[in-house]
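Chemist: Sequence and predicted structure below; questions after.
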Amino acid sequence: MADNNEELLRQAVARNLGAVLSLPSAGMLRHCKSRFLAELDGGILFESPVSEAALITELIVKQQPCGVSFRTGVNKVMFASPIIRAESAWRMNAQSVIDAVLLQFPTQIKSIQRRSNYRVEVPGDCELSIRVWRIPEHAYLKEQPMAAQEIKTSIRDLSIGGVGVRFTGKDKQPPLVGTEDRLRVLMSYQNESLIMEGRMRAPTARMPDNTLVTGIHFKKLENDLEGRKMLATLTRIVGELQRNEVRRIRLGLAKSA
């Protein structure tokens, strides 16, 4: 995890992402908008907050750590580090010159993965089932695909944005599916069926039997009336599964997250 967090940080520097500098002052924190500029002399260069020159000078003298936070994808990354020095008139390029501060490269970096949608586990005895096919880009989604295009699939968890799955190939061979494939997803729950389009996420694990542990990201549903109706049905199903999960936890049949 530490290596992953450092890589997230270095990518943020390379892309000049926006960041928040939290400067300690009188027992409180001043949260200032900033951005990554470059790696320099064993540290990280940030755009200097406007009108905070006096406070920055004080923090340099005291070597008091400052907080840094930024978002990249689903991750919020945070660390604390002292300011080494101020860099006045840092030249970004031939046209731009800005004031900057150099923070020591952090020794500890934390990250939190945030989900935009609640994800509920699907127990083995649940009435929810799923079937998945690889289909051509031009194919009509509701048309029944050929049997050879189906991927053996078991469901792990569900949110309104996607579904966690296991893909299994034939005769213990890797399943024939990739992140570039367009997927037709048929989900059945009680007496209802939903047909959705999706793409496979990058696999999180490959089991000894070549089963892929991964997920499917659903195509955005609320673009038209039919999509909004499907989203409402999916939201209701997730809600019912969530309530069932809470009951199972209370009965000691499942563990809380």
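Modeler: In hand now; what should we look at? Numbers count the residues shown, from 1 in each chain.
Chemist: Show the residue spans covered by the helices in the stretch 101-250 of the chain.
Modeler: 225-250 (DSSP state H, counting those that start in this stretch).
Chemist: where does it dip in pLDDT?
Modeler: 113-117, 222 (pLDDT under 70).
Chemist: Any idea how many residues pack against the closest residue to S129 other than its chain neighbours?
Modeler: Nearest non-adjacent residue to S129, counting by Cβ to Cβ, 6 or more residues apart in numbering: S188, 5.0 Å away. C-beta: built from backbone N, CA, C; applies to glycine. S188: 13 surrounding residues under other Cβ atoms under 10 Å.
Chemist: who does S188 bridge with?
Modeler: S129, S193 (DSSP bridges).
Chemist: what's the distance between it and K142?
Modeler: 15 Å (Cβ to Cβ, to the nearest Å).
Chemist: now M230
Modeler: 12 Å.
Chemist: With neighbour numbers in mind, choose between those two.
Modeler: Counted by other Cβ under 10 Å, M230 and K142 do not tie: M230 has more neighbours, with 19 against 8.
Chemist: so that one makes contact with E192?
Modeler: No - using Cβ atoms under 8 Å, M230 is not in contact with E192, being 10.3 Å away.
Chemist: Which neighbours do these two have in common?
Modeler: Here M230 and E192 have no joint contacts, going by Cβ atoms under 8 Å, 6 or more residues apart in numbering.
Chemist: residues in contact with the nearest residue to N75 once chain neighbours are set aside?
Modeler: Spatial nearest neighbour of N75, chain neighbours left out: S111 (4.9 Å); criterion: Cβ to Cβ, 6+ apart. When contacts are counted by Cβ under 8 Å, 6+ apart, S111 touches 1, 4-5, 8, 75-78.
Chemist: Can you check those and name whichever has the most neighbours?
Modeler: V77 (20 neighbours).
Chemist: how near is it to S129?
Modeler: Remark: distance between V77 and S129 (Cβ to Cβ) = 38 Å.
Chemist: my guess is T235 meets I160, correct?
Modeler: Yes - using Cβ under 8 Å, T235 makes contact with I160 at a distance of 5.4 Å.
Chemist: Look at these two and report which has more neighbours.
Modeler: Shown here are T235 and I160; by other Cβ under 10 Å, I160 has more neighbours (21 against 15).
Chemist: what are the phi and psi values for that one?
Modeler: phi -70, psi -10 (degrees, to the nearest 10).
Chemist: Contacts only, for it.
Modeler: Here I160 is in contact with 117, 218, 231, 234-235, 238 (Cβ under 8 Å, 6+ apart).
Chemist: quick one: which of those is nearest to S34?
Modeler: The nearest member of the contacts of I160 to S34, counting by Cβ to Cβ, is N117 at 30.1 Å.
Chemist: how close does the closest residue to K172 other than its chain neighbours sit to T179?
Modeler: Using Cβ to Cβ, 6+ apart and skipping residues adjacent in sequence, the residue nearest K172 is D209, 5.3 Å away. Distance, D209 to T179, by Cβ to Cβ: 21 Å.
Chemist: what's the answer for G162, then?
Modeler: Distance from G162 to T179, by Cβ to Cβ: 13 Å.
Chemist: Then A147?
Modeler: For A147 relative to T179 (Cβ to Cβ), the value is 23 Å.
Chemist: Settle it for me: which of those two has more neighbours?
Modeler: Set A147 next to T179 and count neighbours by other Cβ under 10 Å: T179 wins out with 11 against 7.
Chemist: contacting residues around the nearest residue to the more buried one once chain neighbours are set aside?
Modeler: Residue nearest to T179 in three dimensions, not counting chain neighbours: M200, with 5.2 Å by Cβ to Cβ, 6+ apart. M200 is in contact with 167, 177-179, 181, 183, 214-217, counting by Cβ under 8 Å, 6+ apart.
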